[in-house]
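Engineer: structure here, sequence nowhere to be found:
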């Protein structure tokens, strides 16, 4: 099941600095799956970027089975949204977050 978490429009000034003159919207979704063997929920993330130029362009990335903690996936989604992470950077950011968690433990 896919649940909407939040969305942002990338900062217009930052886009102009990068030479981009069209709006970009990024949406964040929490993916929920039930594991058949244990009947527990496991969570993933989907990020969808929509570029509003002459033709609307959509890019998306989904990573399932990240954690069995809804609180943890919500924290990750919040960080992704606050840092305006797009689909292309999703996997790298998740790896970086995992490394930080492992360093703390």
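Structural biologist: That came through, no problem. Remember, predicted model here, so these are calculated numbers, not experimental data.
Engineer: quick one: distance of the longest helix along the chain to the chain centre.
Structural biologist: Ordering each helix of the chain by length in residues (DSSP state H) puts helix 87-104 first. Centroid separation between helix 87-104 and its chain, computed with CA atoms, centre = their mean, to the nearest Å, is 12 Å.
Engineer: pull out the buried residues from it.
Structural biologist: Of the residues in helix 87-104, 87, 90, 93-94, 97 count as buried by neighbour count, 16 or more other CB atoms under 10 Å. Using the backbone N, CA and C atoms, a C-beta is placed for each residue, glycine as well.
Engineer: how close does the spatially closest residue to residue 21 that is not a sequence neighbour get to residue 72?
Structural biologist: What sits nearest to residue 21 in space, not counting adjacent residues and going by CB to CB, 6 or more residues apart in numbering, is residue 15, at 7.4 Å. For residue 15, the distance to residue 72 equals 31 Å [CB to CB, to the nearest Å].
Engineer: same thing with residue 52?
Structural biologist: 33 Å.
Engineer: who touches whichever strand or helix holds residue 28?
Structural biologist: Using DSSP states H and E, residue 28 sits within strand 24-34. When contacts are defined by CB atoms under 8 Å, 6 or more residues apart in numbering, strand 24-34 is touched by residues 1-10, 15, 40-52, 62, 64-65, 70, 73-74, 77, 80-81, 84-86.
Engineer: what helix or strand does the residue nearest the centre of the chain sit in?
Structural biologist: When CA atoms, centre = their mean is applied to the chain, the residue found nearest the centroid is residue 47 (4.0 Å). Using DSSP H and E, the element containing residue 47 is strand 41-52.
Engineer: since that was my last question, I'll sign off now.
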